[in-house]
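Enquirer: quick check, what structure comes out for this input:
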Amino acid sequence: MRTYKNFLQRESSIITISTNAGEVLLQEPSLVALYADTGKIISAGSEAQRERKLLEQNGSIIGSPLMASIVADFDISVQMFKYFAMKARLRTIFMKPKIAVRVPIEMTQVETQALMDVMFLAIPARSVLLNDESVFRPGSSSFPAKSHDYKFLIEISPPTN
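Expert: Take a look at the predicted model:
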């Protein structure tokens, strides 16, 4: 059986999904509630946060698959972003969107590849652009003039504590 000790100790990042027009579709903490025995997600984001006490009493585990905005648990990160993509209605049968992901920290090549793999598996996206400042307006989480190239922006903000 898998242990979730480090999973429980992580602070949650904030995930924001918006359109290229600037409309915020979703803004949620990177919390997930899991069944302890199977590792399947019960709920994620603010739902997991709201139901925290009830879920913990039922033997469920609540934590974050991201550590300081970086993928720390690959499989649970994929499940969490699938959950958020369905909630924000990013996943459709016919559409494979181009997405831009912004993480306001420097990442190693391995961390970058892990995040890109998570996005391709969770959304699934036609293409993923990661941390390219030419796509974002300085100091803003919105797109510039060439926004028509990317349908969605996913921003992963570090924990505020």
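
Enquirer: look up how far Pro29 lies from Pro124.
Expert: Between Pro124 and Pro29 the computed distance is 24 Å (Cβ to Cβ, to the nearest Å). For glycine as for every other residue, the C-beta is placed from the backbone atoms N, C-alpha and C.

Enquirer: of these two, which one has the most company?
Expert: Pro29 (19 against 14; other Cβ atoms under 10 Å).

Enquirer: which ones are touching that one?
Expert: Listed by Cβ atoms under 8 Å, 6 or more residues apart in numbering, the contact set of Pro29 reads 12-15, 45-46, 49, 64.

Enquirer: which non-adjacent residue is nearest it?
Expert: Ser12 (4.0 Å; Cβ to Cβ, 6 or more residues apart in numbering).

Enquirer: Ala68: what's it in contact with?
Expert: 13, 105, 158-159.

Enquirer: list phi and psi for it.
Expert: phi 50, psi 50 (degrees, to the nearest 10).

Enquirer: where do the strands of the chain begin and end?
Expert: Using DSSP state E, the strands of the chain run over 14-19, 24-29, 32-35, 41-44, 60-63, 66-67, 70-71, 98-102, 127-130, 152-157.

Enquirer: okay, the angle between the first one and strand 98-102?
Expert: Orientation of strand 14-19 against strand 98-102 (axes from the mean of the first three to the mean of the last three Cα atoms, to 10 degrees) gives an angle of 150 degrees.

Enquirer: which elements pack onto strand 14-19?
Expert: Identification of packing neighbours for strand 14-19 by 3 or more Cβ pairs under 8 Å, 6 or more residues apart in numbering; DSSP states H and E yields strand 24-29, helix 74-87, strand 152-157.

Enquirer: now render those as CSV, adding mean pLDDT and distance to Tyr35.
Expert: Below are these laid out as CSV (pLDDT from 0 to 100; distance: least, Cβ to Cβ, whole Å):
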stretch, mean pLDDT, distance to Tyr35
strand 24-29, 91, 20
helix 74-87, 91, 12
strand 152-157, 84, 25
